[in-house]
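*Asks:* Give the three-dimensional model of this entry:
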Amino acid sequence: MGMTPEELKRKRKERYDANAEELRRKRREYYYNNKEKSAEYSKQYHEVNRDKNLEVKKKYREANKEKIAESKKIWDTNNRDRINEYVTNRKKYDKLFKLSENYRCAINKAINRFGYTKKSKTTEILGCTFEEFKAYIESKFESWMNWSNHGLYNGDFNYGWDIDHIIPLATAKTEDDIIMLNHYTNLQPLCSHINRDIKKDNL
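*Replies:* Predicted structure coming up:
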């Protein structure tokens, strides 16, 4: 009488475990001797199975949302210094990343300040993608403004600029007000001296 599928599976695993190191050595050897062929095969495999793989990943994420969120929370907590270093360094050369991170942070602070919990994605609150938001802000630039002097301040006019709420967040009374006031149409680039000194004094 032949073996059952479970017995066959166990036998295969036993054979693999007994020869695992040798099999890994042969795979490494084949890879190094056939790098171009292996790379082309890998590329073709991923192209053929791209939709299938994306669907599998999507189903896994949907079925394990809480598990994934908890794992991410633990990883973020254990790697806070590493994350902060990465964010700081990337902000130096990636202006879109800097813009999105600063806006996300501002949104969270505004909502938490009123005792609410963020329920919507940042781009839903913003009303457009960050690429569109960056282009919108650039369309409002004065001649001296650029991304290199974004966030700079020394107390002088036209030295640096901030992203300013046209109707101040301080006027918000409800959670809906906060969401409305953080829509991209209520945001503008404004001289840091005006934003931090003059406008603040007039509130």
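
*Asks:* Tell me the confidence at residue 111?
*Replies:* Looking at residue 111, its pLDDT reads 86.

*Asks:* Repeat that for residue 61.
*Replies:* 86.

*Asks:* residue contacts, residue 193?
*Replies:* 153, 155, 156, 157, 159 (Cβ atoms under 8 Å, 6 or more residues apart in numbering). Any C-beta I mention is one placed from the backbone N, CA and C, and that applies to glycine too.

*Asks:* among the residues you listed, which ones are buried?
*Replies:* When these are checked for burial by 16 or more other Cβ atoms under 10 Å, the buried set is residue 153.

*Asks:* Residue 186: neighbouring residues, count only.
*Replies:* 15 (other Cβ atoms under 10 Å).

*Asks:* Please disregard the earlier target; I meant residue 40.
*Replies:* What residue 40 shows, counting by other Cβ under 10 Å, is a neighbour count of 11.

*Asks:* Tell me the secondary structure at it.
*Replies:* The local conformation at residue 40, judged by DSSP: H, G, I helix; E, B strand; the rest coil, is helix.

*Asks:* measure it to residue 65 for me?
*Replies:* Between residue 40 and residue 65 the distance, using Cβ to Cβ, to the nearest Å, works out to 36 Å.

*Asks:* In TSV: the contacts of residue 193, plus pLDDT.
*Replies:* Below are the contacts of residue 193 laid out as TSV (pLDDT from 0 to 100):
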residue	pLDDT
153	96
155	94
156	96
157	96
159	97
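
*Asks:* now, the most widely separated pair of the contacts of residue 193?
*Replies:* 153 and 157 (11.2 Å; Cβ to Cβ).

*Asks:* Can you give me the pLDDT of residue 185?
*Replies:* If you check residue 185, the pLDDT there is 97.

*Asks:* Give me the distance between the residue lying closest to it once chain neighbours are set aside and residue 59.
*Replies:* Closest residue to residue 185 apart from its sequence neighbours, by Cβ to Cβ, 6 or more residues apart in numbering: residue 127 at 7.1 Å. Residue 127 sits at a distance of 30 Å from residue 59 (criterion: Cβ to Cβ).

*Asks:* These two - which one has more neighbours?
*Replies:* Neighbours were counted for residue 127 and for residue 59 using other Cβ under 10 Å; residue 127 has more, 17 against 10.

*Asks:* Let me see the contact set for the more buried one.
*Replies:* 183, 184, 185.

*Asks:* from the residues you listed, which would you call buried?
*Replies:* With burial judged by 16+ other Cβ under 10 Å, the buried subset of these is residue 184.

*Asks:* got the contacts of residue 127 as JSON lines, with distance to residue 49 and secondary structure columns?
*Replies:* Output for the contacts of residue 127, formatted as JSON lines (distance: Cβ to Cβ, whole Å; DSSP: H, G, I helix; E, B strand; the rest coil):
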{"residue": "183", "distance to residue 49": "40", "secondary structure": "coil"}
{"residue": "184", "distance to residue 49": "38", "secondary structure": "helix"}
{"residue": "185", "distance to residue 49": "43", "secondary structure": "helix"}
